[in-house]
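no sequence for this one, just the structure:
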């Protein structure tokens, strides 16, 4: 299908400018760029309704999102898994899997959708807003999908920022050494930027360890997304004949290919640095677009249940990692 650049240009331009504004605010006020992008997008949601910007905003919220997620593969190398050790990897897998399962179980108890539980659980367990964007891209379409994505991104970004401040105080109070502190911070805080900020606020060794652990968590994003896709495909195959079976999206394949290339070859910084920067900016643009597509009245109608769910998931993964540090 041909892309009509002229029709897309107004929407892409406005999301790009708003994304740049979010990055500017983030750098000057120290808050997450993703959160600023989302809030600015919501403030400009009037541009989405019956506007020349509509098609470009849709494009930013879908295609640009997938490009940003695919390029995350250049940040991951399989050597990170090997250097961390299998015992630590097993702990992380258990923490991630149990957090996602908890999200699904609690969402049913709270009368929320299972897909929302998977979305919040995966976002809390892996890498915050980036995971939310990757998971929402493969979830089945439903009327509240964009609202659920917005709520999840707001929730995990806010909780990650709180954790960045509180967790260094907690590990100091508990008397954990630099390595254990780094493992806890990298294994529990949702977003990469907050992990780096929290880790290096304690010491360089803690910062190095927390960053490594976080990168390993990020590397588990695609296996989790593919597992969710497999479950969706199984559920879809049991539906009526008209139902479409879920297929592996191209951006997931691109992610895996880029991760393998980055693992097998030492790529020059001249390639990696611009690509990872573009990936980050693409995600900022796409989150801005999702904010512009939001309906604030619907957002207010969500209530406190989703926030409670994400808080419980956050406390759960922190408890699992801390128990592993103390008793294993």
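Cool, the structure landed. Only a predicted model underlies this, so the values are computations on that prediction, with no experimental measurement involved.

mind showing which ranges of the chain have poor pLDDT?
By pLDDT under 70, the weakly predicted segments of the chain are 1-3, 236-249, 295-302.

biggest helix in it by residues?
The longest helix of the chain (DSSP state H) is helix 145-174.

centre of the chain to that helix, how far?
12 Å (CA atoms, centre = their mean, to the nearest Å).

right, and the helix or strand after it?
helix 178-188 (DSSP states H and E).

just the buried residues of that following helix, please?
By 16 or more other CB atoms under 10 Å, the buried positions in helix 178-188 come out as 178, 180, 181, 182, 183, 184, 185, 186, 187, 188. Every C-beta, even on glycine, is put in place using the N, C-alpha and C of the backbone.

specify which member of these is nearest to residue 68.
residue 186 (22.2 Å; CB to CB).

wait, doesn't that closest one sit right on residue 195?
Yes - between residue 186 and residue 195 there is a contact under CB atoms under 8 Å: 5.5 Å.

so for the two, which residues contact both of them?
210, 211, 214 (CB atoms under 8 Å, 6 or more residues apart in numbering).

distance to residue 304 added to those, as TSV?
Output for the shared contacts of residue 186 and residue 195, formatted as TSV (distance: CB to CB, whole Å):
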residue	distance to residue 304
210	31
211	33
214	29
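
just among these, which is most surrounded?
In terms of neighbour count, residue 210 stands highest of these at 32 neighbours, by other CB atoms under 10 Å.

the closest residue to that one other than its chain neighbours - how many residues pack around it?
Spatial nearest neighbour of residue 210, chain neighbours left out: residue 199 (3.3 Å); criterion: CB to CB, 6 or more residues apart in numbering. For residue 199, the tally of surrounding residues (other CB under 10 Å) stands at 30.

need the contact list for residue 199.
Contact analysis of residue 199 by CB under 8 Å, 6+ apart lists 181, 182, 185, 186, 206, 207, 208, 209, 210, 211.

distance to residue 39 for those residues - can I get that in TSV?
Listed next are the contacts of residue 199 as TSV, based on distance: CB to CB, whole Å:
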residue	distance to residue 39
181	31
182	31
185	26
186	27
206	31
207	28
208	32
209	32
210	27
211	27
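
between the residues you listed, which sits nearest residue 71?
Using CB to CB, those come closest to residue 71 at residue 211, 18.9 Å.

how about the closest one, nearest residue that isn't a chain neighbour?
residue 196 (5.8 Å).

that neighbour: neighbouring residues, count only.
Residue 196: 18 neighbours (other CB under 10 Å).

before we move on, what SS does it have?
helix (DSSP: H, G, I helix; E, B strand; the rest coil).

residue 42 versus that one, what's the distance?
Remark: distance between residue 196 and residue 42 (CB to CB, to the nearest Å) = 27 Å.

same deal with residue 207?
Residue 207 is 33 Å from residue 42, by CB to CB.

of these two, who's got more company?
A count of neighbours by other CB under 10 Å puts residue 207 above the other of residue 207 and residue 42, at 22 against 19.

quick one: the more buried one and residue 213 touch, right?
No - with contacts counted by CB under 8 Å, residue 207 stays clear of residue 213, the gap being 11.0 Å.

what do these two both touch?
With CB under 8 Å, 6+ apart, residue 207 and residue 213 have common neighbours residue 182.

my guess is residue 325 contacts residue 176. True?
Yes - contact criterion CB under 8 Å: residue 325 and residue 176 qualify, at 6.9 Å.

now for the two: what residues contact both?
Applying CB under 8 Å, 6+ apart, one finds that residue 325 and residue 176 are jointly contacted by residue 184.

before we move on, back to that, which of the shared contacts of residue 186 and residue 195 fall within helices?
210, 211, 214.

what's near enough to touch the first one?
To tie it back to what came earlier, the one meant is residue 210. So residue 210 contacts 181, 182, 183, 185, 186, 189, 195, 196, 198, 199 (CB under 8 Å, 6+ apart).
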